[in-house]
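Participant: Build the 3D model from these lines:
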Amino acid sequence: MSEKRDIKYINRDFQSFKTQLQEFTRTYFPNTYNDFSPASPGSMFIEMSSYVGDVLSFYLDNQIQETFVQYARQTNNLYELAYLLGYKPKVTTAATVNLDIYQTLPATSGNPDFNYALKVEPNAIITSTSNPNIAFLTQDIIDFSTSASLDPTEISIYELSGNTPQTYLLKKSVKAISATVNTETFTFDQPTQFTTVNLTAENIIGILDITDSDGNTWYEVDYLGQDVIYDSVRNTNTNNPSFSTNSNVPYLLQTKQVQRRFASRFLNETTLQLQFGAGTTGDTDEEITPNPNNVGLGLPFEKDKLTTAFSPTNFIFTNTYGIAPSNTTLTVRYLTGGGVQSNVDAGVLNQLSDANITFTKNNPGNTSLAQSTFDSLAVLNNTKATGGQDGDSIEELRQNSLAAFQNQLRTVTKDDYILRALSMPAVYGTVSKAYTEAQTLENLLPGETPDLLALYILSYTSAKKLTEASGDLKTNLKTYLSQYRMIGDSVKIKDAFIVNIGVDFEIVTYPNSNDNEVLLECINEITNYFNIDNWQINEPILLKDLFIALDKIEGVQTVKNITIKNLTGGEYSNYSYDVQGATVDNVVYPSIDPMIFEVKYPNTDIKGRVVSL
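Facilitator: Okay, here's the model as predicted:
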């Protein structure tokens, strides 16, 4: 038997390898070789072995280092690790700007004729006459026939004939990003599982849309296993059986299962890879209705369903992950641009392309009047574009990836539901206030479970006054939350109560002060304090803060009294509230049922007077 050797495993560099090999030779081969001079053949082989060990150790350490996002240095590895942790790297960031869009509207019997209202589809191109290289794209639909609290249509008289308006001026605001649309085509023959194509360009922002030669749309998803996307349709009596003409929800939000889908990922700063599914057009997995014969289809040997975790959106364990393109040509439109150079000054963007502009009515009537209305459309950025910056740096990639891993899309806590509700796009209705609480046992209805979560919401009117959410808005919110809700969560959407209040106050002014000016300053201070943007459901009124705020106003010697009173009936809320009974130690507490205080008409509901000391 060979002698057991004493081998050291802690050597990592050239010198330690060389020293250990020399010691090993002296220990186990003392009579075979003892010439360790630099010019000897044995030293050559020892140093060559040490060199190989040093190189292997270096690459081993480097490969291990590149598997940790905190220490990786190679960009391609950082990109892969970022996607693994749920973060999509950015190679550029587009600047954003608020654009004011104008159009004139003819009058009918002195009122605006909305038959001539225009609609500008998303991705309309905004350019500058002074700098043709600047291009911005609108993000949302601009529909002059609708108005909502977060998407208002401002109407003013533009032209008069005597005392009768002849033409009105309509104004809307929309966000736009600095981007240019680029097009590239890819031809596919036979279907290939998980086929990929690459887009190569500088400053790629993302994919705008993909259509094939048959007119089908391909939808981008976060991962190929996701087969449900959001879709929207106009809120009309055709699409909505419970349609109301005074609804403040211009679009209905729906979910849609799609076979034609793709996922995108950046390989490096200039290459965006698109990956498609593995099925064919004959695989209609998304259209299968669950029944005892097909639930679990795709499981190994089709057994052991008792301990299997099923997803309600994929109950058959399909391996297709969407279809692969075949015998078609895909037209890919993608966006490039952004960067720090896209932060343009105010007043630069003033030209709107008419490619995506139509009338909301198919046949507005008078042709010449329609043409003059169409030509009246104008655009201008009254503020500077901001937010444009270059892509993620190495350190930003690390930090953003770690943050994304912690910040999942699923709604887990009560605050997650509030943020999700408030982030729903305004075209589906505006959730202005949101509040969540666990349903108490005494408030449970027959059949309800104790784990029910109550989500209380309110909306704004076009005048930015609080109102109960419409049925269409609640339906859209239900659809929106369904894709983020944990499967065990039961969420009930309810209306919060609105309590309208007024404020009466008395102050003592200094002898040399102008009483009217001081009173006006005090009223403005209270108006700002009760600005509805600063108030949340179930927030108490701290009278101490009001006293302090009024005391700070120049000319106020002392604040003698502040009274909060409840206003009900007529244009106010029908809910009355015992303000005096709810006031303890200068704090007006809200009710047990979620509610919000609102000063509906500050100009008349806030009253003050100057009294003597």
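Participant: Tell me how many other residues surround Tyr589.
Facilitator: By other C-beta atoms under 10 Å, the residues close to Tyr589 number 14. Any C-beta I mention is one placed from the backbone N, CA and C, and that applies to glycine too.
Participant: Pro112 now?
Facilitator: The number of residues packed near Pro112 is 21, by other C-beta under 10 Å.
Participant: same question, Asn350
Facilitator: Asn350: 15 neighbours (other C-beta under 10 Å).
Participant: Now do the contacts for the closest residue to it other than its chain neighbours.
Facilitator: Residue nearest to Asn350 in three dimensions, not counting chain neighbours: Leu380, with 5.4 Å by C-beta to C-beta, 6 or more residues apart in numbering. By C-beta atoms under 8 Å, 6 or more residues apart in numbering, Leu380 lies in contact with Leu99, Asp100, Tyr102, Gly347, Leu349, Asn350.
Participant: For the first one, list each beta-bridge partner.
Facilitator: Leu99 forms beta bridges with Val174, as assigned by DSSP bridges.
Participant: which residues touch it?
Facilitator: Counting by C-beta under 8 Å, 6+ apart, Leu99 has contacts Ile126, Phe136, Thr138, Ser173, Val174, Lys175, Ala176, Leu349, Val379, Leu380, Asn381.
Participant: go with 6 Å
Facilitator: Residues in contact with Leu99 (C-beta atoms under 6 Å, 6 or more residues apart in numbering) are Val174, Ala176, Val379, Asn381.
Participant: any idea how far Tyr158 is from it?
Facilitator: Distance of Leu99 to Tyr158, given as C-beta to C-beta, to the nearest Å: 19 Å.
Participant: how about low-confidence regions in the stretch 151-300 of the chain?
Facilitator: Applying pLDDT under 70 to the stretch 151-300 of the chain flags residues 243-248, 280-291, 293-294, 296-300.
Participant: partners of the host helix or strand of Gln273 in the sheet?
Facilitator: According to DSSP states H and E, Gln273 maps onto strand 271-276. Each strand paired with strand 271-276, and its direction, by DSSP bridges: strand 196-200 (antiparallel), strand 261-268 (antiparallel).
Participant: Indicate which one of the ones you listed is closest to Gly215.
Facilitator: Nearest to Gly215, of all these, is strand 261-268, at 16.5 Å by C-beta to C-beta.
Participant: What residues of the closest one count as buried?
Facilitator: Buried residues in strand 261-268, defined by neighbour count with 16 or more other C-beta atoms under 10 Å: Arg261, Phe262, Ala263, Ser264, Arg265, Phe266.
Participant: out of those residues, what pair is the most spread apart?
Facilitator: Greatest spatial distance in the buried residues of strand 261-268: Arg261 and Phe266, 18.5 Å, computed using C-beta to C-beta.
Participant: Going along the chain, name the helices of the stretch 301-450 of the chain.
Facilitator: Taking DSSP state H, counting those that start in this stretch as the criterion, the stretch 301-450 of the chain carries its helices at 367-375, 394-406, 414-422.
Participant: picking up where we left off before, could you dump the buried residues of strand 261-268 to a markdown table with distance to Tyr575?
Facilitator: A markdown table is the format used below for these (distance: C-beta to C-beta, whole Å):
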| residue | distance to Tyr575 |
| --- | --- |
| Arg261 | 47 |
| Phe262 | 51 |
| Ala263 | 49 |
| Ser264 | 50 |
| Arg265 | 52 |
| Phe266 | 53 |
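Participant: per-stretch mean pLDDT over the helices of the stretch 301-450 of the chain, give me the minimum one.
Facilitator: When these are ranked by mean pLDDT, helix 394-406 comes last with a mean of 81.
Participant: Okay, buried residues for that one please.
Facilitator: Neighbour-count burial for helix 394-406, counted by 16+ other C-beta under 10 Å, picks out Leu397, Arg398, Asn400, Ser401, Leu402, Ala404.
Participant: residues contacting the nearest residue to the third one once chain neighbours are set aside?
Facilitator: What it means is Asn400. Once flanking residues are discounted, Asn400 sits nearest to Tyr87: 5.3 Å by C-beta to C-beta, 6+ apart. Taking C-beta under 6 Å, 6+ apart, we find Tyr87 in contact with Asn400, Ser401, Ala404.
Participant: same deal with Leu252?
Facilitator: Val233, Asn235.
Participant: Same question for Leu274.
Facilitator: Here Leu274 is in contact with Val197, Phe262, Ser264 (criterion: C-beta under 6 Å, 6+ apart).
Participant: mind giving me the domain split of the chain?
Facilitator: 14-65, 92-179+339-389, 180-231+259-283+320-336, 408-495, 499-610 (automatic domain parsing).
Participant: Can you give me the first-to-last residue distance of the third one?
Facilitator: With C-alpha to C-alpha, to the nearest Å as the measure, the ends of domain 180-231+259-283+320-336 fall 5 Å from one another.
Participant: how distant is it from the center of its chain?
Facilitator: Remark: domain 180-231+259-283+320-336 is offset 22 Å from the chain centroid, using C-alpha atoms, centre = their mean, to the nearest Å.
Participant: And stretch 498-518, by the same measure?
Facilitator: A distance of 42 Å separates the centroid of the chain from that of stretch 498-518, by C-alpha atoms, centre = their mean.
Participant: same thing with stretch 397-410?
Facilitator: Distance, centroid of stretch 397-410 to centroid of chain: 15 Å (C-alpha atoms, centre = their mean).
Participant: Report pLDDT for the spatially most central residue of the chain.
Facilitator: In the chain, the centroid-proximal residue (C-alpha atoms, centre = their mean) is Ser423; its distance is 6.4 Å. The model reports Ser423 with a pLDDT of 83.
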